[in-house]
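Participant: With the input below, show me the fold.
(4 chains)
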Protein chains: 4
Amino acid sequence: MMLKIGVIGYGYWGPNVVRNFCACNGAVVSAICDADGIALKRAIKEYPHISVLSDCDKLLDSNEIDAVAIVTPVSTHFELARKALNNGKHLFVEKPFTSSFREAEELIYLAEKKHLKIMVDHTFLFTGAVRKIKELIDANTLGNLYYYDSTRVNLGLFQHDINVIWDLAPHDFSIIDYVIKERPAAIAVNAADHFGRGLADVAYITIYFESNLIAHFNVNWLSPVKIRQTLIGGSEKMLVWDDFEMDEKIKIYDKGVDVSNREGVYSLLTKYRSGDMWAPGLDRTEALKVETQYFIDNILNDTTPINDGHAGLRVVRMLEASDESLKNKGKLVKL
Amino acid sequence: MMLKIGVIGYGYWGPNVVRNFCACNGAVVSAICDADGIALKRAIKEYPHISVLSDCDKLLDSNEIDAVAIVTPVSTHFELARKALNNGKHLFVEKPFTSSFREAEELIYLAEKKHLKIMVDHTFLFTGAVRKIKELIDANTLGNLYYYDSTRVNLGLFQHDINVIWDLAPHDFSIIDYVIKERPAAIAVNAADHFGRGLADVAYITIYFESNLIAHFNVNWLSPVKIRQTLIGGSEKMLVWDDFEMDEKIKIYDKGVDVSNREGVYSLLTKYRSGDMWAPGLDRTEALKVETQYFIDNILNDTTPINDGHAGLRVVRMLEASDESLKNKGKLVKL
Amino acid sequence: MMLKIGVIGYGYWGPNVVRNFCACNGAVVSAICDADGIALKRAIKEYPHISVLSDCDKLLDSNEIDAVAIVTPVSTHFELARKALNNGKHLFVEKPFTSSFREAEELIYLAEKKHLKIMVDHTFLFTGAVRKIKELIDANTLGNLYYYDSTRVNLGLFQHDINVIWDLAPHDFSIIDYVIKERPAAIAVNAADHFGRGLADVAYITIYFESNLIAHFNVNWLSPVKIRQTLIGGSEKMLVWDDFEMDEKIKIYDKGVDVSNREGVYSLLTKYRSGDMWAPGLDRTEALKVETQYFIDNILNDTTPINDGHAGLRVVRMLEASDESLKNKGKLVKL
Amino acid sequence: MMLKIGVIGYGYWGPNVVRNFCACNGAVVSAICDADGIALKRAIKEYPHISVLSDCDKLLDSNEIDAVAIVTPVSTHFELARKALNNGKHLFVEKPFTSSFREAEELIYLAEKKHLKIMVDHTFLFTGAVRKIKELIDANTLGNLYYYDSTRVNLGLFQHDINVIWDLAPHDFSIIDYVIKERPAAIAVNAADHFGRGLADVAYITIYFESNLIAHFNVNWLSPVKIRQTLIGGSEKMLVWDDFEMDEKIKIYDKGVDVSNREGVYSLLTKYRSGDMWAPGLDRTEALKVETQYFIDNILNDTTPINDGHAGLRVVRMLEASDESLKNKGKLVKL
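Facilitator: As a prediction, this is how the structure comes out:
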């Protein structure tokens, strides 16, 4: 059986989704849809053998389509997704899943009722780097986690309708949701809007956990340089993930801190251990290639993806809480 | 006239202070004092011709000393400094100036009454990098400032009596106090203490200004790698200062964002400008060498240093406000 | 008029050639040919609408094809290219052009006789970086050239029939042929073969010019890290091109050396000038996209490409001279 | 017993030698000598308690001096060293040891006759990095060595009397002499002189060994950037040493190449192994501190240093052979 995929949205990310679904086993791309004429022309030139449409209702109503990939702005996700699910189509949807917790809940309910799959495009979960981090944390190689500190800044394509948190933080939120077992307890956001649009372009997000793990996310649309760097500190080892390193994206440091009690005084001794560093070889397969095949396989085998609707919902919950804290000048918002 | 300098404290930073005062014109180091026997032995081996003492009162009472450099933990600054000023000695004091705003005020009052100089060791103000940043901001090369974002993390020597903010943030606070004309309006701190000592070891500090400039400081004693990176974004240009770059510590990017109104919709156009980058040559003289000579010159010429007691006090004010916000779970504290 | 392109070879580089010709204006890819079954399957999956063949003679004999792209090992270039030219087809051929100077001469003669275009795929000439270097040298920004020093090393896919010089040096040879007006005078090669195959895997190539410009090329198939770095020193400025830098591939240093005559002694004063560095914004369009369109345009407008058969021949001449020097233990070979 | 050290030469490197001998156990610096008035003034200011002389004969004739450190240009080494040895003083001499093989032989003969120690300041042998490389090669961790490839370039202080090889290559020559057991077989040099002084300022040196190990040294006084990078390739592992990396100077890659015989054809399969990288923690003690103490200890214990006169002589031999090859346009010179 060959699953027939329809892709809605052929702007920035859509072409990557189409290209990867085209290369999947067990699936073909049957239709591409975009309201924009220039995007359509590009699609026709690149895929002369695929049906290209400007009206997405045609695609959503088609009996020829088994699954729909929604690669459009977040504000449009809910309506498109609901229609797709109602029409019996499996759902691959761009992150963030929806504009609100409620929308996410409704889509999850609908999919479960109809026995359809939802997969949210948390692409990073399918990179060799994040899978290695997951593996290291699961094996307790890092020990107790102290902090997760991410910097994700660049000179951004400003979004018209969402702030920098909704644009950039879903990557990081989906990653911590995946690699850290403990659920976040509370969130605090400090941010600024420099263009009077009511949409933050620089934001600093702190997430607290019940344990004393602290997570921090620096997202910024106004940085002259692109930085994608995450530091993870644990009691046994510490890790630096630099996604722009060509070969050694993940470095694990045998460095740590030990507490001791010397001369009756409860004091802290910094122990640097061996100081060795180790960079494991990582799988370099394109993440979206792995993810699109995984989507097909989950449908064909009727299994539940790690990035299902519930994972998407948890990310949306963090985004909504971020906005609430932001509106209240950094007030701590419980999750 | 040769000023006679007495240095109290020969631990980590003291030897650098002694070495640089030794090389100054117009001054000699007459005495070194430390309560620790090992430190004293080192001083004797390195400076056989300088008087080395274990009792700092002797140094503070000596008629032979014109100025005292206090290079001891912050909790001892006030008592030592007050005695030095009362004994008519000019004061060079390690940062942070004092443990509290009130102590700083009293020392400033005392120095002004006695017509003595106070200089707080805000060493970074004397680096080629910070002087270049000051010059660029003063010349309005960056345009209106949007953000100042600093990361200062390493595997730290844990301090027994102060948290990571008091240890690392004084550098950054003294720099923004120097390079940014506008005074900070409010401060918010999110932080964590991982060793049950009541002293944060990871902290995220946000400073708001009346204009929409936002400043952020990531300070961390538990990082496996040393990072000293500051991003400054302005309406005209953006700047990256990486203090661990060997040759190009400061890079200025001709990149920016412009606001425009297209098709009746108030929207934002990202304009990347030329994309050129420029790294100015910087003065590489050791900052402490410049600063110690500057201290001597301010005394000899009876001028007011940029890093006088008032500058020290403003930094202490930010530190106290940070602690207040930290205790109140990130509450915004007015400055 | 739409030029019909046939592509021979769908291994490592072929898919990039096909993809870019597909996106060209004024051309379509009509046929893809490869003797390898796996390559053919990939081509069919990716381009269901393009004719895919295993017998390249069919492609070369077809009246439907206007131009042929030969993307096969160098040992096969001559026979394929001769047949293509004899059949009246324009030629886009992978570098190095041919296995020998004589083959290159014959193909050039044939193309000129038949009024057909030859373009050798010296892809680097179409990068923003090399075009900027050409521009800087043409404008005499660097002054008199002192040296051109390139390092191009990686853990290589060992070639069965050619040594590391024929694999990696054509890039650099084609670049100096393009950016430096003066023609090379002589070449010396020191190298080693570590696997008893008679094919060098590490080689150090020096090229002398009549002026005192010296060029050096470090090519190595056994490096654990990929390096693509070129230093160019001139009397006025110096340049570093690091092709793996994400944003600032080219850095121009206002550093130099001046000769002077001090105290009657003819001596050399190192003058560091301002020490400023400048990284120009570069065009980031994919080089092969620019080059494939340029090929089409040269055919349609009947113009001569910069990377024509003569440029290809000059590179082959350097390769042959390299082999000769290598066989004679580093003997200087005139060009 | 306290050894009394006299230091001749207080220019660029001399102050480091004095500072480190001052900190040694078992020794004191008794006298500093330099013909230059400015250097003398600096010495007096920094070491008011040490005897400072302008006439080195006084120092060499003094009965108070047990060992002499010669930190002057190479052309003066032989006369100063001979006199020191004749006067019964142990010798610490700057690299390169002497201007010629013959001078080195004579000094070694003299020292052995008089039972005195010679130690040539091959400082790099005492760095944590080189000691780690030595350890890895001795333990056969890298397997059979394929190549040793060093780049040592900067914008140099031009020397008046020596070329770039004599200035920069002694570092690398002393390192390979130390870490590689096999002795070099032949040397070839390609170089250029850009200022008509008859002294090469850019040079490429290749050293061949009887095994198929090849070594290459890129030394250059005209580089806008400082590079100190060495790649060492072996059959089991490969290593990159970047001396300007702050924390991870040495990286060991589990990457390699394996030869195999597939389908009757003797072919080469590139096997990338795990792709893991490992950076061992290194001793960070200042190399010259270790080395000066080692000199004292060798005298006191009557042991033979690794960097004795014979090691110095072997480096001088490589330098002389380099000059011979250079004069003969890259001719291979046997060692």
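Participant: Close to chain D: what parts of chain A are there?
Facilitator: Within chain A, the positions adjacent to chain D are A:247, A:248, A:254, A:274, A:275, A:276, A:277, A:278, A:279, A:280, A:281, A:282 by CB under 8 Å from any CB of the partner chain. For glycine as for every other residue, the C-beta is placed from the backbone atoms N, C-alpha and C.
Participant: And the pLDDT at the fourth one?
Facilitator: In other words, residue A:274. Looking at residue A:274, its pLDDT stands at 68.
Participant: need the longest helix for chain A.
Facilitator: helix A:309-327 (DSSP state H).
Participant: Quick one: which of the residues of chain A next to chain D is the most crowded by neighbours?
Facilitator: With neighbours taken as other CB atoms under 10 Å in any protein chain shown, the top of those is residue A:277, carrying 24 neighbours.
Participant: what about stretch A:118-133 and chain B, touching?
Facilitator: No. Contact of stretch A:118-133 with chain B (CB under 8 Å from any CB) is absent, the minimum separation being 14.3 Å.
Participant: Can you get me the start-to-end distance on that stretch?
Facilitator: 25 Å (CA to CA, to the nearest Å).
Participant: next one: stretch A:70-77
Facilitator: 7 Å.
Participant: Output the residues of chain A next to chain D in CSV, with secondary structure and distance to residue A:192 appended to each entry.
Facilitator: What follows is these, written out as CSV (DSSP: H, G, I helix; E, B strand; the rest coil; distance: CB to CB, whole Å):
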residue, secondary structure, distance to residue A:192
A:247, coil, 36
A:248, coil, 34
A:254, coil, 39
A:274, coil, 42
A:275, coil, 39
A:276, coil, 41
A:277, strand, 36
A:278, strand, 39
A:279, strand, 36
A:280, coil, 38
A:281, coil, 41
A:282, coil, 35
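Participant: Chain C: which of those residues is nearest?
Facilitator: Closest approach to chain C among the residues of chain A next to chain D (CB to the nearest CB): residue A:247, at 6.9 Å.
Participant: Tell me who's in contact with the residue lying closest to the closest one once chain neighbours are set aside.
Facilitator: Ranked by CB to CB, 6 or more residues apart in numbering or on different chains and with sequence neighbours excluded, the top spatial neighbour of residue A:247 is residue C:225, at 6.9 Å. Residues in contact with residue C:225 (CB atoms under 8 Å, 6 or more residues apart in numbering or on different chains) are A:247, C:153, C:154, D:231, D:240, D:253.
Participant: rerun that using 10 Å as the cut-off
Facilitator: With contact set as CB atoms under 10 Å, 6 or more residues apart in numbering or on different chains, residue C:225 has these partners: A:246-248, C:153-155, C:244, D:229, D:231, D:238, D:240, D:242, D:251, D:253, D:255, D:277.
Participant: buried residues in the helix or strand hosting residue A:177?
Facilitator: Secondary structure from DSSP states H and E places residue A:177 in helix A:164-179. Using 16 or more other CB atoms under 10 Å in any protein chain shown as the test for burial, helix A:164-179 gives A:164-179.
Participant: and residue A:78, what is it in contact with?
Facilitator: Contacts of residue A:78 by CB under 10 Å, 6+ apart are A:70, A:93, A:97, A:98, A:99, A:100, A:102, A:103, A:104, A:106, A:107.
Participant: what are the phi and psi angles of the fifth one?
Facilitator: Backbone torsions for residue A:99, taken as degrees, to the nearest 10, come to phi -80, psi -10.
Participant: mind checking pLDDT for it?
Facilitator: At residue A:99, pLDDT is 97.
Participant: Next: the second one.
Facilitator: Reported pLDDT at residue A:93 in the predicted model: 98.
Participant: Please name the bridge partners of it.
Facilitator: Here residue A:93 sits in beta bridges with residue A:70, residue A:120, as judged by DSSP bridges.
Participant: that older thread, put the alpha carbons of the helix holding residue A:177 into CSV.
Facilitator: Provided in CSV are the C-alpha atoms of helix A:164-179 (Å, rounded to 0.1, in the frame of the first residue of the first chain):
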residue,chain,number,x,y,z
VAL,A,164,9.8,35.6,18.8
ILE,A,165,8.8,33.1,21.5
TRP,A,166,6.2,31.4,19.3
ASP,A,167,8.7,31.5,16.4
LEU,A,168,11.9,30.1,18.0
ALA,A,169,11.1,28.6,21.4
PRO,A,170,9.0,25.7,20.1
HIS,A,171,12.3,24.0,19.0
ASP,A,172,13.7,24.2,22.5
PHE,A,173,10.4,23.4,24.3
SER,A,174,9.9,20.3,22.2
ILE,A,175,13.5,19.2,22.9
ILE,A,176,13.3,19.5,26.7
ASP,A,177,9.8,17.9,26.6
TYR,A,178,11.6,15.0,24.8
VAL,A,179,14.9,14.6,26.6
